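A.B. asks: Fold the following and give me the result.
(one chain, ligands or ions: 1)
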Amino acid sequence: MNDFVIRTASRSDAEGVAAVLQELVAAGKRSKSSDVDFAASHYITHPDQIVCTVALDAGSRVLGFQSLKRAVGGNPYGAPVGWGVIGTHIRPSAARRGIGRALFQNTLTVARASGIPAIDATISASNAEGLAYYDAIGFVDYRQHGGAVSKAFAVSNQPRGCAAG
Ligand SMILES: CC(C)(COP(=O)(O)OP(=O)(O)OC[C@H]1O[C@@H](n2cnc3c(N)ncnc32)[C@H](O)[C@@H]1OP(=O)(O)O)[C@@H](O)C(=O)NCCC(=O)NCCS
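C.D. replies: Presented below is the predicted three-dimensional model:
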């Protein structure tokens with residue numbers, strides 16, 4: 001049984017999301033913004049946000065989160081317009097416990113309901129754990145550009161394992 005819970009994020013999770021980013025910065029796994037305002041505006045209330053999902057421990061501490069945004073024209077990842085764009089961030093102290101896999105279950109449920117055809121994951125080619133994670137949950141390479149690898153996941157509107165009848 002998991003020792004964490006998964007739910008959709010709300011504005012009040014911004015501090016917890018920022019704390020995850022700050023732990024990644026301290027571990028040398030992130031160099032971009034990690035303050036509360038950035039966490040709120042970039043991952044939770046962004047106008048292109050489809051869903052942001054958080055994982056919480058028993059004390060309601062945010063262990064990690066996953067963001068899914070709709071790709072608009074000129075998006076910084078070069079993802080096809082109308083696709084989803086995914087990002088996943090887990091506290092290094094909570095890594096490799098299945099949190100990333102569990103977050104994707106919620107993301108995928110919302111992705112199917114949203115009608116997006118596919119999800120883009122653009123990762124630095126040197127980010128071995130990020131590449132391995134997206135491989136493990138079913139993403140496949142479709143583009144390489146400027147030191148980054150873009151992987152794609154085709155979204156079906158049909159829930160998996162739903163046999164006829
Ligand atoms: C990459 C990351 C999201 C993985 O999250 P996680 O919660 O540790 O992943 P899970 O425990 O659900 O692992 C799922 C599978 O991914 C693969 N995987 C995850 N981390 C891995 C690592 N460090 N090395 C090799 N494979 C790894 C494995 O196949 C794993 O399955 P297994 O544990 O049964 O072997 C997390 O380490 C992270 O946030 N890294 C820093 C930020 C980042 O690089 N994000 C990705 C780009 S947006």
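
A.B. asks: Just the strands from this protein, written as ranges.
C.D. replies: 5-8, 49-56, 62-70, 84-90, 118-124, 140-145, 148-154 (DSSP state E).

A.B. asks: For the ligand, which of those strands is the nearest?
C.D. replies: strand 84-90 (3.7 Å; CB to the nearest ligand atom). All C-beta spots, glycine's among them, are computed from the backbone N, C-alpha and C.

A.B. asks: right, is the closest one up against the ligand?
C.D. replies: Yes: for strand 84-90, a contact with the ligand is found by CB under 6 Å from any ligand atom, at 87-90.

A.B. asks: can you redo those residues as a markdown table with neighbour count?
C.D. replies: Below are the residues of strand 84-90 next to the ligand laid out as a markdown table (neighbours: other CB atoms under 10 Å):
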| residue | neighbour count |
| --- | --- |
| Gly87 | 17 |
| Thr88 | 21 |
| His89 | 21 |
| Ile90 | 23 |
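
A.B. asks: Near the ligand, which residues of this protein? Just list them.
C.D. replies: Residues of the chain lying close to the ligand by CB under 6 Å from any ligand atom are 24, 29, 87-90, 95-101, 123, 127, 129-130, 132-133, 136.

A.B. asks: And those residues, which of them are buried?
C.D. replies: Buried subset of the residues of the chain next to the ligand (neighbour count, 16 or more other CB atoms under 10 Å): 24, 29, 87-90, 97, 99-100, 123, 130, 133.

A.B. asks: Using TSV, lay out the strands of the chain together with distance to Thr109 and mean pLDDT.
C.D. replies: Shown next, in TSV, are these (distance: least, CB to CB, whole Å; pLDDT from 0 to 100):
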stretch	distance to Thr109	mean pLDDT
strand 5-8	10	98
strand 49-56	9	98
strand 62-70	11	98
strand 84-90	13	98
strand 118-124	13	98
strand 140-145	21	97
strand 148-154	13	98
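
A.B. asks: can you redo the ones you listed as a markdown table with distance to Gly78?
C.D. replies: Below are those laid out as a markdown table (distance: least, CB to CB, whole Å):
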| stretch | distance to Gly78 |
| --- | --- |
| strand 5-8 | 27 |
| strand 49-56 | 18 |
| strand 62-70 | 14 |
| strand 84-90 | 10 |
| strand 118-124 | 7 |
| strand 140-145 | 7 |
| strand 148-154 | 7 |
